[in-house]
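Visitor: Test case, fold it:
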Amino acid sequence: MHVRTHIGVNAFLASLLLAGSALAQNAVLTIHADQSTAKVSPTLYGLMTEEINYSYDGGLYAEMVRNRTFRADWSGVPYWYLVEKGNAEAAMSEDKTTGPSQALPASMKLDVQKADAADPAGVLNVGWWGFALRPNTTYKGSLYAKADSGIDSIAVSLVANQTGAALASAKVTGVSGDWKQYTYTLKTGAIAPSSANHLVLTVDHPGTLWLNLVSLFPPTYHNRANGNRIDLMEKLAAMHPQFLRFPGGNYLEGDTIAERFEWQKTLGPLVDRPTHPSPWRYQSSDGMGLLEFLEWCEDLHMNPVLAVYAGYSLRGEHVNPGADLEQYVQSALDEIEYVTDGTDTKWGAVRAQDGHPAPFHLTYVEVGNEDWFDKSGSYGDRYAQFYKAIKAKYPDLQLIATAPITTMKPDVLDDHYYKRATEFFHDVHHYDKADRSGPKIFVGEWATREGSPTPNFGSALGDAAWMTGMERNSDLIVMASYAPLFVNVDPGGMQWESDLIGYDAMRSYGSPSYYAQVMFASNLGDEITPADQQGGGSRFFYSVSRDTRNNRLYVKLVNGDSTPQSVDIKIDGAHLAGGGKLVTLSAKDTQATNTIDQPRNIVPVETALVASGTELHHQMPPYSIQILVLNER
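Guide: Numbering: from 1, shown residues only. The predicted model follows:
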């Protein structure tokens, strides 16, 4: 066969030929195109998510106001500051006895002694590392307020930090002595895009004003109210995820039982959501509630993988199986009912009341998270109790265990791996000879941990090598999801290094590992195609799958070495028909990476590949991940 590529690639290949003396040992890859080892799992690649690194609040969840419910601490009300213009005089404080709902029993109290139209008083919010504003854009806001007779309106403005100029303004009128929600709209003009802005709320008369749940949203993905950031959702969509595991790992458990993710408290109007502490040392707004997770699945056409609390929390508290655990089992049954059942059921009716009458399709339920940390030894019996109760009502659901157990055989076992690249290189055959008579495998959390805040190219190589092993064994591995998914790269935004996608208030970028994920998920067949390898360097890895509908082979190759790798590919049982392509992700060093300021240092490059016959000679660049898409005739 012969290879033709677009302009620039011939010169690149010539440079590889000059480096021939440095080539690793030649690899011979014989692909048995007329054979199939097994079916590729149709749900192999998906997303794992939790509230860490400001993944929801300050991240995917598009709310722009930080501490919108005015939670106070020893320092005052964080991220809110008093505004006194000119001769205005005012004071702000937490009012613990006055709030708009049972869930939000407190509020911010603004006592205004002096204020007029020229000298207003109020409060400002600094946002999640600023307010990202763009030109000619509409921002939708709301707030809960009440006031004494001196105040009947509130001015709302988005203000530039450096100039003090109001970039968009609105007025809330009719404020009364009773709690009420007010809405407002802020529209920018021909401004320069910037996140160096803040939100200001002021009054122009003396009096007392109470505020809570001050909210502001930019345009959201699919225009959903209480929705998600467009840029981050678009990056997720490019990964072609088949499932979403939620609400998270540690975030599900909480540090204590009292701080677990209580799904019932995340439903309905935001004013009825009390918020709760995240295990990662900040308060969760619970704006991303159970229904929002399900709608996230709906927007990206993903299957929900629902994790239910199973009686163990991070600091070691656990619930004994038996009578003590029954309330948590019932909570899981109620949660499944909310997700899957009709409006003629109690929780299906609640879902309809929340705005989504149609049920969601559910296949997998995960019982707990990382219960191998539970030193009480109770997980086997706890899992069995959940299993029996859930299967009795929902026999078709597949239940995932989060630790090996001896009390019974689980449907699926959740394995987690966090390693360095060289460790993954040495472990790519982990599942090759695994017991096929045991439970199916969900690799629910995994990542090569090199690079900060997002992975470098060395991580991408480790990830790609590991993915070749998962693909070759996707008869056993039904799902796999990288973790963590997100990180806010602003100062103080990261709790865990090496996260797939980075962002600040204004921008976002994919790491090299992100692009490896995109490449692998976008080029995957429906059958595992067997192949034999002879020779090749110790850091050369491969997987092959076949798209039976389109007669196409996907040959994935990883060269984790600093020298080029020559590969002779032999096709048994089929002939190539041309019209293929080559997708390459490469770097000159393992430490090369993408950043918020340089987001496209390392991105996939696609070139034409015309292949015919049954053999081809291919040369891989140093430090490269490549996918050959080959058409059969």
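Visitor: How about the contacts made by the closest residue to Ala352 other than its chain neighbours?
Guide: Excluding the flanking residues, the one nearest Ala352 by CB to CB, 6 or more residues apart in numbering is Thr343, at 4.5 Å. (Glycine included, C-beta is placed from N, CA and C.) Thr343 sits next to 349, 351-352, 357 when contact means CB atoms under 8 Å, 6 or more residues apart in numbering.
Visitor: repeat for Asp475
Guide: 37-39, 41, 436, 528.
Visitor: In the stretch 301-450 of the chain, what residue spans correspond to strands?
Guide: Per DSSP state E, counting those that start in this stretch, the stretch 301-450 of the chain carries strands over the ranges 303-308, 364-367, 398-401, 412-419, 440-448.
Visitor: Among the contacts of Asp475, which one sits closest to Val329?
Guide: Of all the contacts of Asp475, Val329 sits closest to Ser41, with 28.8 Å by CB to CB.
Visitor: if we can go back for a sec, want to throw the strands of the stretch 301-450 of the chain into CSV with distance to Arg546?
Guide: Shown next, in CSV, are the strands of the stretch 301-450 of the chain (distance: least, CB to CB, whole Å):
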stretch, distance to Arg546
strand 303-308, 23
strand 364-367, 26
strand 398-401, 26
strand 412-419, 25
strand 440-448, 22
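Visitor: Just send these back as JSON lines, with distance to His198, mean pLDDT and mean neighbour count too.
Guide: Listed next are the strands of the stretch 301-450 of the chain as JSON lines, based on distance: least, CB to CB, whole Å; pLDDT from 0 to 100; neighbours: other CB atoms under 10 Å:
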{"stretch": "strand 303-308", "distance to His198": "37", "mean pLDDT": "98", "mean neighbour count": "25"}
{"stretch": "strand 364-367", "distance to His198": "40", "mean pLDDT": "98", "mean neighbour count": "24"}
{"stretch": "strand 398-401", "distance to His198": "44", "mean pLDDT": "98", "mean neighbour count": "23"}
{"stretch": "strand 412-419", "distance to His198": "38", "mean pLDDT": "98", "mean neighbour count": "19"}
{"stretch": "strand 440-448", "distance to His198": "35", "mean pLDDT": "98", "mean neighbour count": "24"}
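Visitor: how about the strands of the stretch 151-300 of the chain, start to end?
Guide: Using DSSP E, counting those that start in this stretch, strands in the stretch 151-300 of the chain cover 153-160, 166-173, 180-187, 197-203, 207-217, 243-246, 276-277, 283-284.
Visitor: And for the stretch 451-600 of the chain?
Guide: Under the criterion DSSP E, counting those that start in this stretch, strands of the stretch 451-600 of the chain are mapped to 477-482, 486-488, 501-503, 508-510, 527-528, 531-535, 540-547, 552-559, 565-572, 576-577, 580-586.
Visitor: any idea which of those scores lowest on pLDDT?
Guide: Mean pLDDT values for these show the minimum at strand 576-577, a mean of 90.
Visitor: other SSEs contacting it?
Guide: Here strand 576-577 touches strand 612-613, strand 624-631, going by 3 or more CB pairs under 8 Å, 6 or more residues apart in numbering; DSSP states H and E.
Visitor: Just want to check the distance between the spatially closest residue to Gly573 that is not a sequence neighbour and Ala611.
Guide: Distances taken as CB to CB, 6+ apart place Asp34 nearest to Gly573, at 2.7 Å, with adjacent residues excluded. For Asp34, the distance to Ala611 (CB to CB, to the nearest Å) stands at 17 Å.
Visitor: more neighbours, these two?
Guide: Neighbour count, other CB atoms under 10 Å: between Asp34 and Ala611, Ala611 has more, with 27 against 12.
Visitor: What separation do you get for that one and His617?
Guide: Taken as CB to CB, the span from Ala611 to His617 is 11 Å.
Visitor: and what of Pro484?
Guide: Pro484 is 40 Å from His617, by CB to CB.
Visitor: Looking at the two, which has the bigger crowd around it?
Guide: Between Pro484 and His617, Pro484 has the larger neighbour count (other CB under 10 Å), namely 23 against 12.
Visitor: ok, the more buried one touching Ile501?
Guide: No. Pro484 is beyond contact range of Ile501, at 9.3 Å (criterion: CB atoms under 8 Å).
Visitor: Mind giving me the ChimeraX select for the contacts of Thr343, buried ones only?
Guide: Those of these that count as buried under 16 or more other CB atoms under 10 Å are selected in ChimeraX with:
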select :349,351
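Visitor: Among the contacts of Thr343, which lie within helices?
Guide: Among the contacts of Thr343, the ones falling in helices (DSSP state H) are 349, 351-352.
Visitor: could I get the residues you listed as TSV with pLDDT?
Guide: As requested, the ones in helices among the contacts of Thr343 are exported to TSV (pLDDT from 0 to 100):
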residue	pLDDT
Ala349	98
Arg351	98
Ala352	98
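Visitor: quick one, what contacts Pro206?
Guide: 112-115, 150.
Visitor: Over to Pro512?
Guide: 455-457, 459-460, 585, 587, 592-594, 602.
Visitor: ok, the nearest residue to it once chain neighbours are set aside to Asn53 distance?
Guide: Among residues not flanking Pro512 along the chain, Ala460 sits closest, at 3.7 Å (CB to CB, 6+ apart). Ala460 is 19 Å from Asn53, where distance means CB to CB.
Visitor: quick one: which of the two has more around it?
Guide: Ala460 (34 against 24).
Visitor: what about the closest residue to Ala117 other than its chain neighbours, how many neighbours?
Guide: Ranked by CB to CB, 6+ apart and with sequence neighbours excluded, the top spatial neighbour of Ala117 is Asp204, at 4.7 Å. The tally of other residues near Asp204 (other CB under 10 Å) stands at 19.
Visitor: Poorly predicted segments of the stretch 351-500 of the chain, please.
Guide: Applying pLDDT under 70 to the stretch 351-500 of the chain flags no residue at all.
Visitor: where exactly do the helices run in it?
Guide: Assigned by DSSP state H, counting those that start in this stretch, the helices in the stretch 351-500 of the chain fall at 379-393, 421-426, 457-472.
Visitor: now swap in the stretch 201-350 of the chain and tell me
Guide: With DSSP H, counting those that start in this stretch as the criterion, the stretch 201-350 of the chain has helices at 230-237, 250-253, 290-299, 326-340, 346-353.
Visitor: closest one to His575 among these?
Guide: The closest approach between His575 and any of those, judged by CB to CB, belongs to helix 230-237 at 35.4 Å.
Visitor: Just send the strands of the stretch 451-600 of the chain back as JSON lines, with mean neighbour count and distance to Thr468 too.
Guide: Shown next, in JSON lines, are these (neighbours: other CB atoms under 10 Å; distance: least, CB to CB, whole Å):
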{"stretch": "strand 477-482", "mean neighbour count": "25", "distance to Thr468": "12"}
{"stretch": "strand 486-488", "mean neighbour count": "26", "distance to Thr468": "25"}
{"stretch": "strand 501-503", "mean neighbour count": "26", "distance to Thr468": "22"}
{"stretch": "strand 508-510", "mean neighbour count": "22", "distance to Thr468": "20"}
{"stretch": "strand 527-528", "mean neighbour count": "20", "distance to Thr468": "11"}
{"stretch": "strand 531-535", "mean neighbour count": "14", "distance to Thr468": "11"}
{"stretch": "strand 540-547", "mean neighbour count": "24", "distance to Thr468": "4"}
{"stretch": "strand 552-559", "mean neighbour count": "24", "distance to Thr468": "6"}
{"stretch": "strand 565-572", "mean neighbour count": "21", "distance to Thr468": "14"}
{"stretch": "strand 576-577", "mean neighbour count": "20", "distance to Thr468": "21"}
{"stretch": "strand 580-586", "mean neighbour count": "21", "distance to Thr468": "14"}
